[in-house]
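K.L.:
give me a model of this one.
(one chain, ligands or ions: 1)
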Amino acid sequence: MPEPRRRNRTPKNPNPITRRAALRKTNCGKISKSRNNRKKKSGPVLETRSFELKEHQVRDFRAMDEYDSGGRSGDKGPVAEEEISAPIPDKVQVGGSPLYKVERKLGKGGFGQVYVGRRTAPGPGAIEVALKFEHRSSKGCNYGPPYEWQIYNALGGSHGVPRVHYKGRQADYYIMVMDILGPSLWDVWNNSSHTMSIEMVACIAIEAISILEKMHSRGYVHGDVKPENFLLGPPGTPEEKKLFLVDLGLATRWRDSSTGLHVDYDQRPDVFRGTVRYASVHAHLGRTGSRRDDLESLAYTLIFLLRGRLPWQGYQGENKGFLVCKKKMATSPETLCCFCPQPFRLFVEHVVNLKFDEEPNYAKYISLFDGVVGPNPDIRPINTDGAQKLICQVGQKRGRLTMEEEDDEQPKKKIRMGMPATQWISVYNARRPMKQRYHYNVADVRLSQHIEKGNEDGLFISSVASCSNLWALIMDAGTGFSSQVYELSPFFLHKEWIMEQWDKNFYISAIAGANNGSSLVVMSKGTSFLQQSYKVSESFPFKWINKKWREGFYVTAMATAGSRWAIVMSRGAGFSDQVVELDFLYPSEGIHRRWDSGYRITSTAATWDQAALVLSVPRRKPADETQETLRTSAFPSTHVKEKWAKNLYIASICYGRTVS
Ligand SMILES: Nc1ncnc2c1ncn2[C@@H]1O[C@H](COP(=O)(O)OP(=O)(O)OP(=O)(O)O)[C@@H](O)[C@H]1O
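P.N.:
Residues are numbered from 1 along each chain as shown. This next block holds a predicted model:
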């Protein structure tokens with residue numbers, strides 16, 4: 001069966017670009033410059049950035065339950081979907097079109113049904129067309145014309161996109177009259193014993209890259225590249241070897257139409273649009289779609305056609321998306337392409353390492369397949385005219401026809417190695433000189449003596465973490481707390497004790513969880529918090545965080561125990577905005593982009609699989625905005641001392657998934 005996909009064509013705001021554009025206009029933050037971003041070979045990984053202020057951001061609402069110092073909030077059930085039972089009409093005439101008789105069904109997707117339409121009377125234009133019907137109350141319409149229509153208006157008829165001749169509403173259906181095409185690549189693969197020749201797939205690669213280049217050059221990303229959405233021309237016609245890309249219902253703009261600038265980066269881990277099997281890792285993680293995502297999905301499409309299977313097929317159940325994404329991250333390009341010719345591996349390697357706003361080198365990707373396809377384009381199994389044209393254009397533009405000089409490029413840092421690693425992630429903020437102390441490898445029984453000694457010296461606990469069931473403890477003189485209590489408990493988390501302390505006006509100021517399920521919770525007086533809520537969850541609870549943001553809470557502490565997460569959110573946290581970066585490796589690129597937009601890291605936590613960093617905009621701008629992060633395999637004891645010498649103090653620390 002073809003892979004189903006999940007999407008929402010009629011979100012509250014159907015055009016994500018409009019929302020992003022609006023957001024950009026409200027952001028008053030200045031963009032600060034990167035001061036440092038280097039990776040030492042054997043030493044720690046250091047990243048640093050100055051920080052400036054940014055305004056508030058609008059978010060969606062989703063409900064779940066939680067423990068709250070000031071009460072509970074209710075759940076909202078899902079909205080029931082309407083049954084669609086209206087019959088497809090026998091005849092169609094829309095938007096000034098001739099009258100078409102509706103004949104056999106060509107296909108059906110999650111949103112539309114496609115039929116052959118035959119012109120009933122002689123006249124100009126095509127005799128046979130494809131009619132795409134979408135019921136007015138379907139998910140794609142929301143009682144207005146399908147979002148896809150707008151995209152066909154912009155892209156219809158451009159290279160590799162079928163032309164739309166007419167469109168309009170007839171009774172309960174929105175109907176699009178378009179070029180009729182032939183079988184999809186999925187049909188071809190399915191009808192040829194689930195195999196495809198290397199030359200055929202290489203030709204598909206070449207032509208598909210040129211189709212995506214054209215679509216991207218017009219400012220759009222497709223958003224759902226997969227074998228089912230590539231169609232060949234109608235059999236027996238001159239176009240039967242020509243490739244088309246259909247289904248533009250998930251297309252978005254990567255380039256703002258008014259400013260011409262790349263759309264802003266964002267990550268909303270609860271938003272998934274696309275098809276699980278072929279989606280890019282970034283799409284799984286809810287990152288704003290950009291050109292790299294189409295190319296990553298194309299890479300998976302090609303490997304599927306070639307090998308007949310992708311390593312992440314077969315997962316089922318509620319956390320299928322999580323497991324598939326984890327497997328994608330853990331599969332190196334070598335493993336994915338182990339039975340494929342080298343050009344396919346190189347293509348995968350290139351595209352999975354693209355940055356959010358990086359311009360893909362389409363011509364170079366096409367040239368990778370030169371050696372696999374026959375030299376004579378006329379006898380290739382797929383028409384590669386579009387790719388030939390692109391190569392010529394690029395060659396002329398650069399005053400040369402070969403791409404060889406490109407090989408002089410600096411080798412790119414490969415981030416998707418498929419090699420998991422766990423490390424300490426420590427975050428340092430510039431502060432006025434103060435006393436800070438750290439303890440690590442602290443066994444349960446020795447915890448109290450360190451804390452008592454620290455308290456005697458006028459220090460309170462500011463951060464806690466755990467590695468191999470041993471605690472790390474940061475104490476300092478600059479917390480502003482007036483008193484503090486803590487509990488080491490075998491539970492993650494110990495609800496009754498926390499509620500007791502809430503009653504005494506203590507608020508959670510730091511938490512850590514150990515792999516054995518125990519937790520260390522620190523609660524303090526003298527915080528700015530007005531109300532607090534926490535949630536323990538089997539997966540990162542972004543939906544809950546999102547809901548609490550809407551209620552004025554911000555994440556103020558996070559921890560993990562094994563694969564479980566605990567998130568603490570507080571009212572009165574002193575932030576004006578907050579975002580989350582979640583990844584299966586240390587989300588370096590996301591953090592840099594957030595730093596550039598004025599956020600700084602305020603909480604960290606990581607499981608064996610994922611690292612989460614919460615970044616916030618403080619209401620009061622600190623005097624020195626420098627923030628640095630370190631990733632080290634051992635506790636960063638010597639590094640901390642070096643930081644102190646520069647008046648940089650640990651603000652947050654955790655141990656878990658990064659990448660070596
Ligand atoms: N122009 C066309 N000519 C011939 N067949 C077509 C054409 N457009 C679509 N089809 C067939 O109809 C199927 C459904 O079309 P399409 O993917 O556009 O619908 P959808 O409801 O948007 O699908 P999805 O569930 O993937 O969003 C396609 O997979 C294809 O087999």
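K.L.:
and stretch 132-146, average pLDDT?
P.N.:
For stretch 132-146, mean pLDDT is 85.
K.L.:
cool, stretch 281-301 as well?
P.N.:
97.
K.L.:
how about it, does it reach the ligand?
P.N.:
No - judged by Cβ under 6 Å from any ligand atom, stretch 281-301 stays clear of the ligand, getting no closer than 12.9 Å. Where C-beta positions appear, they are placed from N, C-alpha and C, glycine not excepted.
K.L.:
pLDDT wise, what is the residue in the stretch 251-400 of the chain that the ligand sits nearest to at?
P.N.:
Ranked by Cβ to the nearest ligand atom, the top residue of the stretch 251-400 of the chain for proximity to the ligand is Thr275, at 7.6 Å. Reported pLDDT at Thr275 in the predicted model: 96.
K.L.:
what's the spacing between it and Pro162?
P.N.:
Using Cβ to Cβ, to the nearest Å, Thr275 is found at 20 Å from Pro162.
K.L.:
just checking, what packs against the longest helix anywhere in the chain?
P.N.:
Of all the segments of type helix in the chain, defined by DSSP state H, the longest one is helix 198-217. With contacts taken as 3 or more Cβ pairs under 8 Å, 6 or more residues apart in numbering; DSSP states H and E, helix 198-217 sits against strand 243-245, helix 291-307, helix 342-352, helix 362-368, helix 385-398.
K.L.:
mean pLDDT for the ones you listed: which is lowest?
P.N.:
helix 385-398 (a mean of 81).
K.L.:
name the residues of it that are buried.
P.N.:
Gly386, Ala387, Leu390, Ile391, Val394 (16 or more other Cβ atoms under 10 Å).
K.L.:
what's downstream of it, the next helix or strand?
P.N.:
Sequence-wise, the next helix or strand downstream of helix 385-398 (DSSP states H and E) is strand 420-430.
K.L.:
next up, the contacts around Gly157.
P.N.:
Shown in contact with Gly157 (Cβ atoms under 8 Å, 6 or more residues apart in numbering): Arg163, Val164.
K.L.:
still on that earlier bit, go ahead and confirm the residue of the stretch 251-400 of the chain closest to the ligand touches Lys226.
P.N.:
Yes - under the criterion of Cβ atoms under 8 Å, Thr275 makes contact with Lys226 at 5.2 Å.
K.L.:
tell me the mean pLDDT for stretch 514-529?
P.N.:
96.
K.L.:
endpoints of that stretch, how far apart?
P.N.:
End-to-end distance of stretch 514-529 (Cα to Cα, to the nearest Å): 26 Å.
K.L.:
in it, what's buried?
P.N.:
Neighbour count says stretch 514-529 has 514-515, 518-527, 529 buried, by 16+ other Cβ under 10 Å.
K.L.:
try stretch 356-375
P.N.:
356-357, 360-369, 372-373.
K.L.:
in the chain, which helix or strand is least confident?
P.N.:
Ranking every helix and strand in the chain by mean pLDDT, DSSP states H and E puts helix 16-26 at the bottom, with a mean of 28.
K.L.:
low-confidence ranges, this protein, go.
P.N.:
Filtered on pLDDT under 70, the chain yields the residue ranges 1-85, 143, 398-418, 660.
K.L.:
contact residues of it facing the ligand?
P.N.:
5, 106-112, 114, 130, 132, 162, 178-181, 184, 228, 231, 246-247, 249.
K.L.:
and the gap between whichever residue of the chain sits closest to the ligand and Trp608?
P.N.:
Nearest to the ligand in the chain, going by Cβ to the nearest ligand atom, is Gly109, at a distance of 1.8 Å. Distance of Gly109 to Trp608, given as Cβ to Cβ: 38 Å.
K.L.:
list the contacts for the residue of the chain closest to the ligand?
P.N.:
Asp247.
K.L.:
just the helices in the stretch 551-660 of the chain please.
P.N.:
588-596, 637-645 (DSSP state H, counting those that start in this stretch).
K.L.:
quick one: contacts of the last one?
P.N.:
Applying Cβ under 8 Å, 6+ apart, the contact partners of helix 637-645 are Pro44, Ser426, Tyr428, Gln436, Tyr438, Tyr440, Glu628, Leu630, Thr632, Tyr649, Ile650.
K.L.:
buried set for it?
P.N.:
Under 16+ other Cβ under 10 Å, the buried positions of helix 637-645 are His639, Val640, Lys643, Trp644.
K.L.:
closest one to Arg593 out of these, please.
P.N.:
Distance to Arg593 across these (Cβ to Cβ) is lowest for Lys643, with 23.8 Å.
K.L.:
measure that closest one to Ala557 for me?
P.N.:
For Lys643, the distance to Ala557 - Cβ to Cβ - is 22 Å.
K.L.:
same check on Gln627?
P.N.:
In terms of Cβ to Cβ, Gln627 sits 18 Å off from Ala557.
K.L.:
could you look up the SS state of the residue of the chain most remote from its centre?
P.N.:
Most distant from the centre of the chain: Pro122, at 50.4 Å, with distances by Cα atoms, centre = their mean. When classified by DSSP: H, G, I helix; E, B strand; the rest coil, Pro122 comes out as coil.
K.L.:
who does the closest residue to Val442 other than its chain neighbours bridge with?
P.N.:
Closest residue to Val442 apart from its sequence neighbours, by Cβ to Cβ, 6 or more residues apart in numbering: Trp471 at 4.3 Å. Beta bridges link Trp471 to Val442, Ser466 when assigned by DSSP bridges.
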